[in-house]
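Student: Structure for the following, please:
(one chain, ligands or ions: 1)
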Amino acid sequence: MSFKKLVWRLTPAFTHRWLRNVFFALRLIPNVWYDTKRYLVYSGMNKSRQYQGEQAARITMAYHQLEKGLSYAEPRPGFGKEVVLRLLGGVEPFIAQYGFVAPATTALGVLNAYVAFNESVNVDMTALKKRIADLLNNGGSVQNICNEGGAISISRTELETKRAAGFKDFFNSRYSVRNFSGLPIPAQDIVECISIAQKTPSVCNRQAWTVHAYSKKPDMERLLAIQSGSRGFGEQASTVLVVTCDLTRFVDVGERYQAWIDGGMFSMSICLAFHALGYGTCCLNWSKEHRDDIALRKVAVIKPEEQIIMLIAVGTLPDSFKVAYSARRPLQEVLQVH
Ligand SMILES: Cc1cc2nc3c(=O)[nH]c(=O)nc-3n(C[C@H](O)[C@H](O)[C@H](O)COP(=O)(O)O)c2cc1C
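Tutor: This next block holds a predicted model:
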């Protein structure tokens, strides 16, 4: 008889729940430590700047903030000065170390778009233009500026045509939209989109997900205030979704991250389903610490066993609007054929 079975026989039934907790904790702890150690060593959290990936991520995060600002319906003249300094502070050493490669080249494209916007509203950009020129004079040229940066203008009819033009065009014409016209979304369209998204594959078809939909202004305001990543556009959304996954449907130590995997895939399907019906979506990050998580659960009235995966702002599209370019990493970095 195994040790586990022997312990089971010798102990009263009411202690079994606690014993199970102890068995699983003993298996969970080394795994959580393994994950924690890997995250401590390899993530950019400790600002070691040891990894090209970390530097690239910090550059991308900074230029993305500028792209987002440029894509708003009415960008504020001169917005994001601190972000520009942070971006240059990342790009200059990156280029010195790795040369004119992405994402530094994309960042230069975004900075150029930022200069063009600000000059169009009479904000003096002499100092920034000089820093860009100095960078290029140091072994580069205008050829090193990637022109896939900034914001692009798009129209509702253009999107309609692309959506109908086959999978590649359909997929490529989904953007994170931060410009909504603010009309209500009929309840049957929300139902239709979530029912389409249910076709998402999941581990052993467990479909642990739930979607909470909020369309009342005060509810959306409270949720978005806690999420905090939709400033400048969240108030135009018609509906806010909170995607969760039910932890009770995952049953082993190895499945400790399955909620985020299945919930992430489901969220993507939701975005595509709304895109198919002609609505705009913007995923809203829920990589938070416990205090925010607890706060959102209270406001959103979410059961304790549900893991919040992300929020999604959904809205109606204006006739024409801007979206952030959000250039993709070079394919040769992403696809490694073995
Ligand atoms: C999990 C997740 C969280 C995100 N969080 C935010 C957010 O808080 N605010 C925001 O404006 N965009 C957010 N985004 C949108 C990304 O910025 C966007 O997907 C990315 O720049 C790629 O652009 P695209 O969606 O237009 O292709 C998020 C996207 C994902 C997938």
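
Student: Every contact and neighbour count from this point should use C-alpha atoms.
Tutor: Fine.

Student: Show the residue spans covered by the strands in the stretch 101-250 of the chain.
Tutor: When secondary structure is read from DSSP state E, counting those that start in this stretch, the stretch 101-250 of the chain shows strands at 151-155, 209-214, 239-246.

Student: got the contact list for the shortest one?
Tutor: The set of residues external to strand 151-155 that reach it, using Cα atoms under 8 Å, 6 or more residues apart in numbering, is 67-68, 70-71, 113, 318-325.

Student: Keep only those of the residues you listed that are in strands.
Tutor: Members of the contacts of strand 151-155 lying in strands (criterion: DSSP state E): S320, F321, K322, V323, A324.

Student: residues near the first one, how many?
Tutor: Counted with other Cα atoms under 10 Å, the burial measure for S320 works out to 15 neighbours.

Student: measure the residue nearest to it when sequence neighbours are not counted to G89 for me?
Tutor: The spatially closest residue to S320, leaving aside those adjacent along the chain, is S155, at 4.1 Å (Cα to Cα, 6 or more residues apart in numbering). In this structure, S155 and G89 are separated by 35 Å, where distance is defined by Cα to Cα, to the nearest Å.

Student: ditto for K81
Tutor: Taking Cα to Cα as the measure, K81 falls 12 Å from G89.

Student: same check, this time on P304
Tutor: As defined by Cα to Cα, P304 lies at a distance of 42 Å from G89.

Student: Same check on A73?
Tutor: Using Cα to Cα, A73 is found at 28 Å from G89.

Student: who's more crowded, these two?
Tutor: In terms of neighbours (other Cα under 10 Å), A73 is the more surrounded of A73 and G89; the figures are 16 against 12.

Student: Phi and psi next, for the more buried one.
Tutor: Torsion angles at A73 (phi, psi; degrees, to the nearest 10) stand at phi -60, psi -40.

Student: Now do the contacts for it.
Tutor: Each residue near A73 by Cα under 8 Å, 6+ apart is listed here: N179, F321, K322.

Student: Out of the residues you listed, show me where the pLDDT dips lowest.
Tutor: Least confident entry in the contacts of A73, by pLDDT: N179, with 94.

Student: Nearest to L28 among the contacts of strand 151-155?
Tutor: Within those, distances to L28 taken as Cα to Cα reach their minimum at K68, with 39.5 Å.

Student: Flag every residue of this structure that's near the ligand.
Tutor: In this structure, the chain approaches the ligand at residues Y175, S176, G229, S230, C282, C283, L284, N285, S326, judged by Cα under 6 Å from any ligand atom.

Student: could you redo the last one with a cut-off of 8 Å?
Tutor: Those residues of the chain that sit near the ligand, judged by Cα under 8 Å from any ligand atom, are 64, 68, 172, 174-178, 227-231, 264, 268, 282-287, 310-311, 323-327.

Student: how many neighbours does V123 have?
Tutor: Other residues within reach of V123, judged by other Cα under 10 Å, total 13.

Student: Distance check, it against G264.
Tutor: Between V123 and G264 the computed distance is 41 Å (Cα to Cα).

Student: per-residue confidence at the residue most central in space within the chain?
Tutor: For the chain, N285 is the residue whose C-alpha lies nearest the centre (Cα atoms, centre = their mean; 5.2 Å). Per-residue confidence for N285 comes out at a pLDDT of 97.

Student: what's near enough to touch the closest residue to it other than its chain neighbours?
Tutor: Leaving out its chain neighbours, the residue that sits closest to N285 by Cα to Cα, 6+ apart is M310, at 5.5 Å. In this structure, M310 makes contact with V242, V243, T244, G264, S267, C283, L284, N285, W286, S287, judged by Cα under 8 Å, 6+ apart.

Student: List buried residues within the residues you listed.
Tutor: For these, a burial check counting by 16 or more other Cα atoms under 10 Å picks out V242, V243, T244, G264, S267, C283, L284, W286.

Student: Just the pLDDT for the closest residue in space to the first one that isn't next to it in sequence.
Tutor: When you say that, I think you mean V242. Using Cα to Cα, 6+ apart and skipping residues adjacent in sequence, the residue nearest V242 is L311, 4.4 Å away. With respect to pLDDT, L311 scores 98.

Student: Report the beta-bridge partners for L311.
Tutor: V242, L284 (DSSP bridges).

Student: Verify the stated contact: it with K288.
Tutor: No: under the criterion of Cα atoms under 8 Å, L311 is not in contact with K288, lying 11.9 Å apart.

Student: Have a look at these two and say which one is more surrounded.
Tutor: The residue with more neighbours, out of L311 and K288, is L311; 23 against 11, by other Cα under 10 Å.

Student: Can you give me the distance of that one to L272?
Tutor: Counting by Cα to Cα, the gap from L311 to L272 is 15 Å.

Student: swap in I185?
Tutor: 16 Å.

Student: higher neighbour count, the two?
Tutor: Using other Cα under 10 Å as the criterion, I185 and L272 rank with L272 on top: 23 against 16.

Student: Give the closest residue to the more buried one in space, chain neighbours not counted.
Tutor: Nearest residue to L272, sequence neighbours excluded (Cα to Cα, 6+ apart): R174, at 7.2 Å.

Student: That neighbour contacts F274, doesn't it?
Tutor: No: taking Cα under 8 Å as the definition, R174 is not a contact partner of F274, at 9.5 Å.
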